[in-house]
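Engineer: Pasting a predicted model and its sequence here:
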Amino acid sequence: MVFSARKGAASLLAAVGLSVFLTTPAEAATDAELAFRWAPVHYQDTDSSDYDADYLSTVDFDGEWTTLNNWESQDDSLFRLTGAAYYSVVETSTHWFIAYSFYHPRDWEDFPDPFEQFTHENDMEGLLATVRKDGSAFGRLEAVVTVAHSDFYSYVPAGSTFTGGRENVDGTLLVQDQRPTTRQEAKGHGLYAWNGAEFPGGDGVVYVPAATGEVPSGGNDRSVGYRLVDTFAAGGLWARRSDSATFAGWGTLRGDNGKNNAANTAWGWDDGNDGSDLPRGLLATDPAYLVSVYFANRGDFSLTYTRNAYR
């Protein structure tokens with residue numbers, strides 16, 4: 001545990017150092033600064049039968065963008081599984097909308113799946129943070145929508161005016177070190193707001209935003225840094241959206257272990273029963289409209305984008 005504690009301290013120092021920088025920007029916050037400010041403390045459950053299959057990483061963790069070999073590459077060299085999350089920021093005159101995407105090379109089970117019904121290669125689930133522009137550098141967090149398989153879940157932090165709209169509010173968003181907190185299942189990786197409880201089974205990894213991504217020391221490491229990766233970076237995930245080595249279709253990652261082509265990026269996420277006016281991918285591409293439908297009592301709330309690179 002000495003190694004874990006030392007690594008955790010390094011993560012915390014890096015995060016604190018960057019946080020101090022972010023609190024006193026010379027001018028308006030950049031997208032990277034906004035994303036870091038609101039990046040969640042992330043409670044990743046692990047399964048002891050194959051705990052490293054629950055580590056966070058990036059789509060190109062193995063050094064290339066072919067996603068048909070990511071299942072096989074997942075456990076080749078664990079040092080490559082450095083903690084990371086993708087982010088994108090779009091903006092209206094009243095709000096920033098920040099989508100965070102957490103990637104795993106495997107969506108897996110701890111039982112055999114000979115008919116390939118319960119597992120699949122690649123997995124990406126995440127959340128949308130709605131942040132009001134209130135005149136401060138980083139605004140005020142008003143709501144979060146998380147992605148768990150084919151369902152979205154709505155949460156508001158204490159003090160938010162947002163109430164349930166078409167969708168009910170599923171709970172109160174807990175805050176830790178002024179950040180939202182999230183939890184993610186082992187194996188299937190559905191993502192929800194953290195409920196303040198211990199990990200199921202007692203083991204898991206706590207990922208904290210940091211300047212550098214780290215590899216957990218094991219399946220029960222309570223402070224591991226994860227870095228933020230811009231979805232819109234040159235040569236990155238969005239830039240490769242039409243690359244057939246990575247994508248099987250619009251927003252769908254290519255994979256052939258378990259169910260074929262079963263993982264989606266943020267612009268492919270969909271809640272299966274929230275209405276025909278909320279098509280697949282809207283959480284990333286038109287988050288203002290989705291939030292306007294999901295929540296009521298929003299106050300001043302613009303639907304017109306001043307900036308949206310998905311369009």
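Structural biologist: Thanks, I have the structure now. Numbering: from 1, shown residues only.
Engineer: residues in contact with residue 192?
Structural biologist: 146, 148, 153, 182-184 (CB atoms under 8 Å, 6 or more residues apart in numbering). Yep, even glycine has a C-beta here, placed from its N, CA and C like the rest.
Engineer: how does it look with 7 Å?
Structural biologist: Contacts for residue 192 (CB atoms under 7 Å, 6 or more residues apart in numbering) come out as 146, 148, 153, 182-183.
Engineer: that's a strand at it, yeah?
Structural biologist: Yes. Judged by DSSP: H, G, I helix; E, B strand; the rest coil, residue 192 forms part of a strand.
Engineer: mind checking how far it is from residue 262?
Structural biologist: 20 Å (CB to CB, to the nearest Å).
Engineer: Which parts of the stretch 201-311 of the chain are strands?
Structural biologist: Taking DSSP state E, counting those that start in this stretch, the strands of the stretch 201-311 of the chain run over residues 204-209, 224-230, 247-249, 252-253, 263-264, 295-296, 305-307.
Engineer: Just the CA trace of the helix or strand where residue 99 lies, in CSV.
Structural biologist: For residue 99, the host element (DSSP states H and E) is strand 95-107. Output of strand 95-107 as CSV, limited to C-alpha atoms (Å, rounded to 0.1, in the frame of the first residue of the first chain):
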residue,chain,number,x,y,z
HIS,A,95,-24.7,27.7,-20.2
TRP,A,96,-21.8,25.4,-20.8
PHE,A,97,-22.6,21.8,-21.5
ILE,A,98,-19.7,19.4,-20.8
ALA,A,99,-19.9,15.8,-21.9
TYR,A,100,-17.5,13.3,-20.3
SER,A,101,-16.9,9.8,-21.8
PHE,A,102,-15.2,7.0,-19.9
TYR,A,103,-13.8,4.2,-22.0
HIS,A,104,-13.0,0.5,-21.2
PRO,A,105,-11.7,-2.0,-23.8
ARG,A,106,-14.1,-4.7,-22.6
ASP,A,107,-17.7,-4.9,-21.5
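Engineer: next one: stretch 260-277 to chain centre, how far?
Structural biologist: 15 Å (CA atoms, centre = their mean, to the nearest Å).
Engineer: And for stretch 73-88?
Structural biologist: 14 Å.
Engineer: Poorly predicted segments of this structure, please.
Structural biologist: 1-26 (pLDDT under 70).
Engineer: rewinding a little: give the other helices and strands that the strand holding residue 99 contacts.
Structural biologist: helix 31-38, helix 70-73, strand 84-92, strand 120-132, helix 287-294 (3 or more CB pairs under 7 Å, 6 or more residues apart in numbering; DSSP states H and E).
Engineer: if you set the cut-off to 6 Å instead, what comes out?
Structural biologist: helix 31-38, strand 84-92, strand 120-132 (3 or more CB pairs under 6 Å, 6 or more residues apart in numbering; DSSP states H and E).
Engineer: ok, and what's touching it?
Structural biologist: Applying CB atoms under 6 Å, 6 or more residues apart in numbering, the external contacts of strand 95-107 come out as 34-35, 38, 53, 56, 58-59, 70-71, 74, 85-90, 119-120, 123-124, 126-132, 188-189, 266, 284, 287.
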